[in-house]
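heads up, no residue letters with this:
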């Protein structure tokens, strides 16, 4: 690749938008987005350490470094709610819901101001805590302090690969527009560095696959060693708590509740960006149908490969997905078919799944028209586990203005797949039962743009790495027929998504 074109995106010179931001772009090679993070964190160290990685299977691959604009969600302690206040007993908007509406309004204003001067498809990336109303979310005692109740970032520096094209962009302050030549030079240098790492067409990889990293980045350098791992709580205690939760289901106070546990890793050295690059590359191969994500906040990195879509909006088309009910997978196709049959015939798993389907249909039907999920569910096959899956779609008529994707997030989160039902009672049971707040685990993570389109997944199969410590989370849905020992075994299968890639 030679001398990429770098220019302010304006047909009549650079008009300074009222937001005080100007965007510069550069052509770039197609590489794994995590490789952009590695290079950007070194060449643009002064604008970190905030960043993101977003790499859905078969979709647009994105990464960002630094902050041009940031929108924070304030967590004000226990409020009985979460983003959306979508409790089954009512639709009142709590403080977190108001905060999310404010983010929508402020972000729309930002995009409007940028629209005249830029035709770059800019997006804000971020996420929300599973339950900002819990005592730990965003508090000083939480491992999630640097993430808080939620935040969305317009990156200072970004990378996007879409189909055969890829580009870099920088969002710079208009007051520093005199520094544009230097930004152009640095973008050009970054594009050339990425080209040397093995962009497609360079011949460095020779395999023609988007995002393949050089072997040295993936396999020749080891991740931090795990000195010890501790179950939090201990397995025996978690089994006891699951039995208590099952008792609440049997008493008919709850239809379903999701019990989560953590595994705490002590590492022999701090987990850094190079380690994120290595494990993201491994997850690309081990979890190819999942959405890989990472969010960097200060000294912490939250990353994973999630199979579960929360909501996607493209104009008037809206999609979500029920993913609940699981069984161990197998490498043998014959054995997988037998396991899939058992999963489809499992009364316990079908009940757990149907609760999620009914919830999603009810939530979407109120604002997005009729939704007709297929029956029976499909079986989603992952390397270690198989899930029941029902895709749910809605198409709005031309006469209906589609809701912003963040308002859909607020309407749907938390689904019974990660909380339970009725939602307020399930959340209360989770708060009583779990010692550690979930932070962004099982919360919505993703992006939105200036048109209100966006995509959010549920942050599962994930790890929070902070210096020499890693926190792995895993959970299972508890219904009347649940067997605590089986639930424990299934949470271990889900933990293997990260531990297996750790090697």
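Happy to help now that I have it. Not measured: the values here are computed from a predicted model. Residues are numbered from 1 along each chain as shown.

now the helices for this protein?
Ranges of helices in the chain, per DSSP state H, are 33-43, 95-115, 180-196, 215-218, 235-250, 273-286, 333-345, 347-368, 405-412, 423-433, 484-502.

quick one: closest of those helices to residue 159.
Closest to residue 159 of those is helix 33-43 (C-beta to C-beta; 3.9 Å). Every residue, glycine included, has its C-beta placed from N, CA and C.

what comes up buried for stretch 428-445?
By neighbour count on 16 or more other C-beta atoms under 10 Å, the buried set for stretch 428-445 is 428-430, 433-434, 436-445.

between these, which is closest to residue 308?
Nearest to residue 308 out of those is residue 442 (C-beta to C-beta; 9.3 Å).

was I right to think that closest one contacts residue 130?
Yes. Assessed by C-beta atoms under 8 Å, residue 442 is found in contact with residue 130 at 4.5 Å.

kindly tell me how buried residue 374 is, as a neighbour count.
For residue 374, the neighbour count with other C-beta atoms under 10 Å is 10.

find the centremost residue of this protein, please.
Centre of the chain computed as the mean C-alpha position; nearest residue by C-alpha atoms, centre = their mean is residue 445, 3.5 Å away.

from residue 235, how far off is the residue lying closest to residue 347 once chain neighbours are set aside?
Nearest residue to residue 347, sequence neighbours excluded (C-beta to C-beta, 6 or more residues apart in numbering): residue 481, at 6.4 Å. Counting by C-beta to C-beta, to the nearest Å, the separation of residue 481 from residue 235 is 21 Å.

what about the nearest residue in space to the residue nearest to the centre of the chain that is not next to it in sequence, distance to residue 411?
Nearest-residue entry for residue 445: residue 127, 3.5 Å, with adjacent residues in sequence omitted and distances by C-beta to C-beta, 6+ apart. Residue 127 is 17 Å from residue 411, where distance means C-beta to C-beta.

the two - which one has more neighbours?
residue 127 (25 against 21).

what's near enough to touch the more buried one?
The neighbourhood of residue 127, defined by C-beta atoms under 8 Å, 6 or more residues apart in numbering, consists of 147, 150-151, 295, 440, 443-446, 459.

just residue 279 next, same as before
223, 303, 498, 501-502.

for PyMOL, what selects the buried ones among these?
Restricted to buried positions by 16+ other C-beta under 10 Å, the PyMOL selection for the contacts of residue 279 reads:
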select buried, resi 223+303+498+501+502
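
out of the contacts of residue 279, the closest to residue 268 would be?
Taking C-beta to C-beta as the measure, residue 268 lies nearest residue 223 of the contacts of residue 279, at 10.0 Å.

pLDDT score assigned to the closest one?
On pLDDT, residue 223 comes in at 95.

equivalent analysis for residue 108, please.
88.

quick check: it vs residue 448, distance?
10 Å.

check residue 428 too.
Distance from residue 428 to residue 448, by C-beta to C-beta: 30 Å.

same question, residue 481
Distance from residue 481 to residue 448, by C-beta to C-beta: 39 Å.

enumerate every residue touching the closest residue to residue 248 other than its chain neighbours.
Excluding the flanking residues, the one nearest residue 248 by C-beta to C-beta, 6+ apart is residue 254, at 4.9 Å. Each residue near residue 254 by C-beta under 8 Å, 6+ apart is listed here: 245, 248, 420-422, 425-426, 429.

redo that, cut-off 6 Å
Going by C-beta atoms under 6 Å, 6 or more residues apart in numbering, residue 254 touches 248, 420, 425-426.

and those residues, which is closest to residue 29?
Closest approach between these and residue 29, by C-beta to C-beta: residue 420, at 45.9 Å.

with adjacent residues omitted, what lies nearest to the closest one?
Spatially, and ignoring its direct neighbours in sequence, residue 420 is nearest to residue 426 (2.8 Å; C-beta to C-beta, 6+ apart).

surely the one you found meets residue 417?
No. Contact between residue 426 and residue 417 fails when scored by C-beta atoms under 6 Å: they sit 11.2 Å apart.

residue 246 versus the residue nearest to residue 347, what's the distance?
9 Å.

neighbour count for those two, which is higher?
Ranked by neighbour count (other C-beta under 10 Å), residue 481 and residue 246 place residue 246 first, with 21 against 14.

just checking, that one touches residue 482?
Yes. Counting by C-beta under 6 Å, residue 246 touches residue 482, with 5.4 Å between them.

who has more neighbours out of residue 108 and residue 448?
Per other C-beta under 10 Å, whichever of residue 108 and residue 448 has more neighbours is residue 448, with 25 against 15.

excluding its backbone neighbours, what's nearest that one?
Using C-beta to C-beta, 6+ apart, the nearest residue to residue 448 is residue 454, at 3.3 Å.

cool, and residue 162?
Nearest to residue 162 is residue 60, by C-beta to C-beta, 6+ apart, at 4.7 Å.

count of neighbours near that neighbour?
Neighbours of residue 60 using other C-beta under 10 Å come to 16.

wait, isn't it in contact with residue 165?
No. Shown here, residue 60 and residue 165 do not form a contact pair, counting by C-beta under 6 Å, at 10.3 Å.

that older thread, could the contacts of residue 127 go into a markdown table alongside distance to residue 311?
Output for the contacts of residue 127, formatted as a markdown table (distance: C-beta to C-beta, whole Å):
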| residue | distance to residue 311 |
| --- | --- |
| 147 | 21 |
| 150 | 16 |
| 151 | 19 |
| 295 | 18 |
| 440 | 17 |
| 443 | 13 |
| 444 | 8 |
| 445 | 12 |
| 446 | 9 |
| 459 | 14 |
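
what's the closest of those residues to residue 122?
Of all the contacts of residue 127, residue 122 sits closest to residue 446, with 14.9 Å by C-beta to C-beta.
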